[in-house]
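>>> can't give you the sequence, but here's the structure:
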């Protein structure tokens, strides 16, 4: 027991040193695998274990089962402390339980066996509930660490880097091949979320530059199932003499101003014959949205996040958000700035003698109607062809088009509908 006590103390000191080190010298690109709060809690718990074993070695031997339950409880608290929301929720649950145990000590001692059994069942049920929550939100693959840890905010995913261009702001790192949002995510040598394409256009090739944000980038969808890939296969299947290439330049979080910068600085270098600007009306018209985006250190312990707590908070948050949106005034868009961006696209297409089409990526006729009318009006004013994918979802429920219950991005089936709607209306040269 003396050795066990000493071991607990040494490990606790080591953890305290690690917590201090990561606070004094944080990694430039990676979040710590365990937060300082977690390490501090674990160090304190181990010190308490060590002192308890040292002072009462016989009691420690006799109560191995109780110590095991205590250890399981400490592990659970350790996991909860990974996230601020989870920490608050854990404290709110634990505080009244501890107070009740303190006030009813006599009853606890008399019914210790029953309480221990009940608590053991609680811990087992919690583990099962957490597993069920992950399956409910994301599917069975989320139980595997490789996939469960891939559900992360783009800014904390480690997939982005700061762009050298002050108007593009951020871009994907080149040569990525990782699991992100439960699917394989790849970029080519130039950081495009697509296959490798040479800058020099081969003979008998028709190129389409696809610009967009996370919807076009295809969050949570394999590259071969993204709508631009589906379009590429369909056009090539029906063409004998011309080879079609749909090259994806989309990056999550981009707005219209970044689309234009990407076209000027990157897409034109590939000698496109047509520009396909895929607009998500939910946020692409907000030209200031990129100011709220930040590339943060990569989160390395995403798998430790407890998703079971979100089964309750998710519905509460949705209700609060709905009330907030009703209370807020509709967003104010800078129509003159948006019109100028549309004009620049039109001028570039004319100067380069290439085609230009706007695609409004809606999943229903009634969604984002105000934004759609703005885009439609400007397209008519400048005589730019526009495709609305909304009618293609007339008989499709919105819930059947999302990646998961926690991610409203379009899923594989939605991308298929996008491709069908675009293919039916898109006019490309030969």
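Nice, thanks for sending it over. Computed from a prediction, not measured in an experiment: that's the story for all the values here. Numbers count the residues shown, from 1 in each chain.

>>> thought residue 414 was touching residue 397?
No - using C-beta atoms under 8 Å as the test, residue 414 is too far from residue 397 to be in contact (11.3 Å). For the C-beta atoms, the positions are set from N, CA and C on the backbone; glycine is no exception.

>>> with neighbour numbers in mind, choose between those two.
residue 414 (25 against 10; other C-beta atoms under 10 Å).

>>> residue contacts, the nearest residue to the more buried one once chain neighbours are set aside?
Nearest residue to residue 414, sequence neighbours excluded (C-beta to C-beta, 6 or more residues apart in numbering): residue 401, at 4.0 Å. For residue 401, the contacting residues are 363, 393, 410, 411, 413, 414, 417, by C-beta atoms under 8 Å, 6 or more residues apart in numbering.

>>> okay, strands next: where are they in this protein?
Secondary structure of the chain (DSSP state E): strands located at 160-162, 170-172, 177-180, 183-186, 205-211, 243-248, 274-279, 355-360, 386-388, 402-404, 407-410.

>>> list the strands paired with the last one, with their directions.
Meaning strand 407-410. strand 402-404 (antiparallel) (DSSP bridges).

>>> contacting residues for residue 246?
By C-beta under 8 Å, 6+ apart, residue 246 lies in contact with 208, 210, 228, 229, 231, 232, 235, 276.

>>> nope, residue 281 is what I meant
360, 361, 362, 367, 368, 371, 372, 375.

>>> just residue 397 next, same as before
Residues in contact with residue 397 (C-beta under 8 Å, 6+ apart): none are found.

>>> hmm, 10 Å instead?
By C-beta atoms under 10 Å, 6 or more residues apart in numbering, residue 397 lies in contact with 363, 364.

>>> quick check: it vs residue 364, distance?
Between residue 397 and residue 364 the distance is 9 Å, computed by C-beta to C-beta, to the nearest Å.

>>> thinking again about what came up before, out of the contacts of residue 401, which is most surrounded?
Neighbour tally across those (other C-beta under 10 Å): the maximum, 28 neighbours, falls on residue 410.

>>> report the beta-bridge partner residues of it.
Residue 410 has these beta-bridge partners by DSSP bridges: residue 402.

>>> distance of it relative to residue 14?
47 Å.

>>> what do you get for residue 162?
35 Å.

>>> the more surrounded of these two?
When residue 162 and residue 14 are compared for neighbours, residue 14 comes out ahead with 13 against 10, by other C-beta under 10 Å.

>>> let me see the contact set for that one.
39, 43, 46.

>>> same thing with residue 163?
With C-beta under 10 Å, 6+ apart, residue 163 has these contacts: 169, 170, 171, 172, 191, 251, 258, 261, 262, 265, 266, 295.

>>> name the member of the contacts of residue 281 with the most neighbours.
In the contacts of residue 281, the most neighbours by other C-beta under 10 Å go to residue 361, 26 neighbours.

>>> how far away is that one from residue 383?
Note on residue 361: its distance to residue 383, by C-beta to C-beta, is 21 Å.

>>> quick one, domains of this protein?
Domain assignment for the chain, taken from automatic domain parsing, gives 2-110, 154-425.

>>> now mean pLDDT and distance to residue 124 too, for these, in JSON lines please.
As requested, those are exported to JSON lines (pLDDT from 0 to 100; distance: least, C-beta to C-beta, whole Å):
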{"stretch": "domain 2-110", "mean pLDDT": "65", "distance to residue 124": "10"}
{"stretch": "domain 154-425", "mean pLDDT": "88", "distance to residue 124": "13"}
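
>>> thinking again about what came up before, out of the contacts of residue 14, the closest to residue 285 would be?
Nearest to residue 285 among the contacts of residue 14, counting by C-beta to C-beta, is residue 39 at 44.3 Å.

>>> counting neighbours, what do you get for that closest one?
25.

>>> cool, and the one 4 residues further on?
Neighbour count for residue 43, taken as other C-beta under 10 Å: 21.

>>> and residue 168, by the same measure?
Neighbours around residue 168, by other C-beta under 10 Å: 21.

>>> skip the chain neighbours and tell me the closest residue to it.
residue 261 (4.9 Å).

>>> residues contacting that neighbour?
163, 165, 166, 167, 168, 169, 254, 267.

>>> buried stuff in stretch 274-287?
Residues 274-281, 283-287 are the ones in stretch 274-287 that count as buried (16 or more other C-beta atoms under 10 Å).

>>> related to what we said a few turns ago, pick the one among the contacts of residue 14 closest to residue 353.
residue 39 (61.2 Å).

>>> quick one: that closest one from residue 16, how far?
As judged by C-beta to C-beta, residue 39 and residue 16 stand 7 Å apart.

>>> cool, and residue 374?
Residue 374 is 57 Å from residue 16, by C-beta to C-beta.

>>> equivalent analysis for residue 114, please.
With C-beta to C-beta as the criterion, residue 114 and residue 16 are 38 Å apart.

>>> just the helices in the stretch 301-430 of the chain please.
310-327, 335-352, 369-382, 412-425 (DSSP state H, counting those that start in this stretch).

>>> highest mean neighbour count out of those?
helix 412-425 (a mean of 19; mean count of other C-beta atoms under 10 Å).

>>> now that one, how far from the centre of its chain.
23 Å (C-alpha atoms, centre = their mean, to the nearest Å).

>>> how big is the angle separating it from strand 355-360?
140 degrees (axes from the mean of the first three to the mean of the last three C-alpha atoms, to 10 degrees).

>>> between strand 274-279 and helix 412-425, find me the angle.
Going by the same axes, to 10 degrees, helix 412-425 makes 130 degrees with strand 274-279.
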